[in-house]
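Student: Fold the following.
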Amino acid sequence: MSAKDLSGRVSLVTGASRGIGRAIALALADRGSDLVLSARRREDLEAVAQECQARGVRARPVPIDLAAGAAIGAGAEQALKEFGRLDHLVNNAGVTGDGLLLRMKREEWDRVLTVNLTGAFEMTRAVLPGMVRARYGRIVNISSVVALMGNPGQANYCAAKAGLIGFTKSLAREVASRSITVNAVAPGFIDTEMTRALAGEARDRMTGLIPLGRLGTPEDVAAGVAFLLGPGAAYITGEVLHISGGLYM
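Tutor: Now for the predicted structure:
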C-alpha cells in the first residue's frame, strides 16, 4: 500500500485543533489527503493547517460551532466551495460535562448530547449528499470505550458516544449501496491534556487497567482512522474499531 494512498482525496476533520483531532489531520496529510479542519477557534486551526501544508497538502481552516446547527451547514458549504468535494468525514469533536446524574443539570446533558451526537448528525447530513452523488465516501465517527463500558459521572458523555455507535451502524446500512462506508473508532484512555491533568496516582490506577500497560497516544487513534479511510478498508463498514490497549475486549 502506497504511503500516499489518500492522494487526491479531501477529508473534513472536526475537532481538529488539538489532541486526537490534530493527530488525525497530520496522519491524513502524511498519506496525501487535502484537509478541511474544523473547530471553534480559527487561530488554533491555522496552526494545524500550517503543519499539514508543510507535508505537501492543501489544508483550510473552517471554524464551526457544532452547537449551532446553521453554522454546520454554512461551514460544509464553504468547504465544498473551496475544494469542490468532500470524500471523507471524521466526526471527532466532542465535549464533556461530568457529574453524577443526581446532580447533573439539564443544560449539561443537553450540551454534551448536542455537540457529541447531534453535531455529528448535522455534519454528516451536510456532506452526505455529495458522497451519494459521487457514489463514494468514507465516514468515521469517534466514539469511546466508555460507550460500551460505562463510566460513573459521565452519563451524558457515555450516552452520546453510545448513540454514535447506533448512528454508525444504521447509516452504514443506509448508504452501503452507494459505496460509502461508515465506521466508528472507540479510543480507550488516551494521553491527552485531560488525562495529563490527573494526579500521578489516578494515572497509575488508570494505566493498571490496561492489558498493554500504557495509555494510548493520539497517534495510535489516528493510525486506526487513517486505515478506515484508506483503500485497505474498502470492505469494512458498520464496525467499531477498539483502540484501547485491550481495556475493552
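
Student: where does Val185 land in three-state SS?
Tutor: Three states are possible here, and by DSSP: H, G, I helix; E, B strand; the rest coil the one that applies to Val185 is strand.

Student: Centroid-nearest residue for the protein?
Tutor: Asn92 (2.1 Å; C-alpha atoms, centre = their mean).

Student: Can you give me the distance of that one to Ala49?
Tutor: Asn92 sits 16 Å away from Ala49, going by C-beta to C-beta, to the nearest Å. Quick note: C-beta positions are derived from backbone N, CA and C, even for glycine.

Student: got it, and Glu219?
Tutor: Between Glu219 and Ala49 the distance, using C-beta to C-beta, works out to 19 Å.

Student: which of the two has more neighbours?
Tutor: Comparing Glu219 with Ala49 by other C-beta atoms under 10 Å, the one with more neighbours is Ala49, at 24 against 14.

Student: what residues are up against Leu212?
Tutor: Each residue near Leu212 by C-beta atoms under 8 Å, 6 or more residues apart in numbering is listed here: 245-246.

Student: Distance-wise, check it relative to Asn151.
Tutor: Summarising the geometry, the distance separating Leu212 from Asn151, computed by C-beta to C-beta, is 20 Å.

Student: and what of Val127?
Tutor: On the measure of C-beta to C-beta, Val127 and Asn151 end up 30 Å apart.

Student: When the two are compared, which one has more neighbours?
Tutor: Neighbours per residue (other C-beta under 10 Å) separate Val127 from Asn151, with Val127 holding more: 23 against 14.

Student: SS state for that one?
Tutor: With three-state DSSP as the basis, Val127 sits in helix.

Student: Let me know the pLDDT of it.
Tutor: Reading off the per-residue confidence, Val127 sits at a pLDDT of 96.

Student: Touching, it and Leu89? I think so.
Tutor: Yes. Between Val127 and Leu89 a contact is recorded at 5.3 Å, counting by C-beta atoms under 8 Å.

Student: any residues in contact with both of the two?
Tutor: For the pair Val127 and Leu89, residues contacting each of them under the criterion C-beta under 8 Å, 6+ apart are 12, 137.

Student: Which secondary structure elements does the top helix by length along the chain sit against?
Tutor: When the chain is parsed with DSSP state H, its longest helix is helix 155-175. Under the contact definition 3 or more C-beta pairs under 8 Å, 6 or more residues apart in numbering; DSSP states H and E, helix 155-175 sits against helix 106-113, helix 119-134, strand 137-142, helix 146-149, strand 180-187.

Student: Could you verify my assumption that Val146 touches Tyr157?
Tutor: Yes. Val146 lies in contact with Tyr157 (C-beta under 8 Å); the separation is 6.8 Å.

Student: Among these two, which residue is more densely surrounded?
Tutor: Between Val146 and Tyr157, counted using other C-beta under 10 Å, the more crowded position is Tyr157 (23 against 20).

Student: Looks like that one contacts Ser143 (just checking).
Tutor: No. Using C-beta under 8 Å as the test, Tyr157 is too far from Ser143 to be in contact (10.6 Å).
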